[in-house]
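>>> Give me a 3D structure for the following:
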Amino acid sequence: MLHFCRAVANIIGADRKVSEEERVHMAGLARELGLSLSDPDVQQAVAEQMASPAPIEDVVRPIKNPILRRNLYRTLVEVALSDGLDPQEEKSLEKMAVVFELNALAAKELIQWT
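Residues are numbered from 1 along each chain as shown. Have a look, this model is predicted:
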């Protein structure tokens, strides 16, 4: 689940702006996943990705479960759109769709629909 949090933190940091709404969303997501931002490992992973996001494809590659991949992609779309879709966030979502072998058209339609 730490990979899931790292990916969300990555997309939050992609536009180099972290809003309070995004911080609250990240904390709530961590709790839902059974993690805590008070845990030093979780805190470090999230802070690193928000401050200096690694290439999204490197962050999400370890996630192999197809259901988790779909849920993560949907979550990342919601987070990216929460403060307006930045071009860098959109690029990250496109790269992630390729890594996850998602239908590119369906991935774009999800972004537009959301």
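>>> list the contacts for Ala30?
Shown in contact with Ala30 (CB atoms under 8 Å, 6 or more residues apart in numbering): Cys5, Ser36, Leu37, Val42, Val46. In short, each C-beta sits where N, CA and C put it, glycine included.
>>> Most neighbours among those residues, please name it.
The member of the contacts of Ala30 that has the most neighbours, counting by other CB atoms under 10 Å, is Val46 with 26 neighbours.
>>> per-residue confidence for that one?
Per-residue confidence at Val46 stands at 95 (pLDDT).
>>> Val60 too?
Reading off the model, Val60 has pLDDT 88.
>>> Make sure it is actually in contact with Val8.
No - using CB atoms under 8 Å, Val60 makes no contact with Val8, being 10.4 Å away.
>>> quick one: which of these two has more around it?
The neighbour comparison of Val60 against Val8 (other CB under 10 Å) goes to Val8, with 26 against 23.
>>> wait, what's in contact with that one?
By CB under 8 Å, 6+ apart, the contact set of Val8 is His25, Met26, Leu29, Leu72, Thr75, Leu76, Val79.
>>> Let me know the closest of the contacts of Ala30 to Leu102.
The nearest member of these to Leu102, counting by CB to CB, is Cys5 at 20.5 Å.
>>> Could you look up the next helix or strand downstream of the helix or strand hosting that closest one?
Assessed by DSSP states H and E, Cys5 sits inside helix 2-13. For helix 2-13, the following helix or strand on the C-terminal side (DSSP H and E) is helix 20-32.
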